[in-house]
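Colleague: Kindly return the folded structure for what I paste below:
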Amino acid sequence: MNVKFKIPVWVHEGPRDIEYHMYKLRGAVSELKKKLADGKLLEALTEIDDTLDYLYRYDAVKMTQDDSQINQIMSGFEFPDLELVFTTAEEPEDDEVLDELLDEAIDEFENLHAICREQWREIEDGTTCNYVPHKPYFLNDGFVFIRTPDNMMHVYHFLKPNKYFATDWKGFKMNLMYTEKWTDENYFKRIDELISKKDDKIIIKTTVRTNTILENSVIGVISQIIYSMIRRDYTF
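Modeller: Here you go, the predicted model:
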C-alpha cells in the first residue's frame, strides 16, 4: 500500500515563482514561531516534523539526480521502505523552485525544531511522575492526576496500552475526565475512591512546575514520560 505524506502548502500552492514561494516559506516559518510563542507546542511540532520529513526525502532523492523520482516525491507518494511510486509528474518548474528554496527551508525548519526541543526539555525537566500508592503488579487501565502551577488538578484516563496499538507515545492516548481546584482534600478523596474499588488500576501523580497549558502542549510531554515509564516497568 502506498503511503502519502504531507506536502507543505508553501511548496505547491500558487504561481511557480521563486520570490512568491520564498515569501510563503518565510510566512510559514513566522506562523510556526508564533504558535510556539503561544504555547501550541504539539501543533507546531507536528507541522515541523512533517515538513522536515518531506524536505529530507526530497533532498535525498534529488541527490540521486533521478528526475522521475523527484517528480514522484513532489506528488507526495512513497512505499513504506521509502521507495517512490510513479504518479502524475509535476511541471518541471516545481523542481526548480524547490531546488532554490531547499537549503534555506531545511535551515529554517531545523532551527524551529531546535526551539521545540528546547521547550520540550524545559517541560520535561520540570515534570515528575510517580505511581500512587505503589506500582500495581499487572498492567491495566489507569488514571493520571496532573497538578499544574496554577494549582489546578486535571484528571486523565488511559486504556491499557499494548504493543499492537501503541508503538510509541503518539499512539498512547490520555483522555481528560475533569478539572478542579487542587487541594489535598480533593486529591486524596479522588485517590481513596479509586483505591476502594480494588480493581488495581494504575494511578499516577504528575506535577508540572513550568507551564499551565496542557492541551496541545504539556500533555504531549506528559504522555511521552508516562508511556516510557509504563513500557519500561511492564515491558509490553
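Colleague: so who does Arg190 touch?
Modeller: Counting by Cβ atoms under 8 Å, 6 or more residues apart in numbering, Arg190 touches Phe145, Met153, Val155. No exception for glycine: its C-beta is placed from N, CA and C like everyone else's.
Colleague: So the first one: helix, strand or coil?
Modeller: For Phe145, the secondary-structure state derived from DSSP: H, G, I helix; E, B strand; the rest coil is strand.
Colleague: same deal with the last one?
Modeller: Applying three-state DSSP to Val155 yields a three-state assignment of strand.
Colleague: My guess is it contacts Met177. True?
Modeller: Yes: counting by Cβ atoms under 8 Å, Met177 is a contact partner of Val155 at 4.8 Å.
Colleague: joint contacts of these two?
Modeller: Contact criterion Cβ under 8 Å, 6+ apart; residues shared by Val155 and Met177: Phe143.
Colleague: do you know how far the residue located most distally from the centre of the chain is from Lys62?
Modeller: Taking Cα atoms, centre = their mean, the residue of the chain most remote from its mean C-alpha position is Ser196, at 35.8 Å. Look at Ser196 and Lys62: by Cβ to Cβ, to the nearest Å, they are 62 Å apart.
Colleague: Any regions of the protein where pLDDT drops low?
Modeller: Flagging of the chain using pLDDT under 70 yields the residue ranges 1-5, 65-95, 163-166.
Colleague: And the strands in it?
Modeller: Along the chain, the stretches classed as strands by DSSP state E are 3-4, 77-78, 127-131, 142-147, 152-158, 175-181, 202-208.
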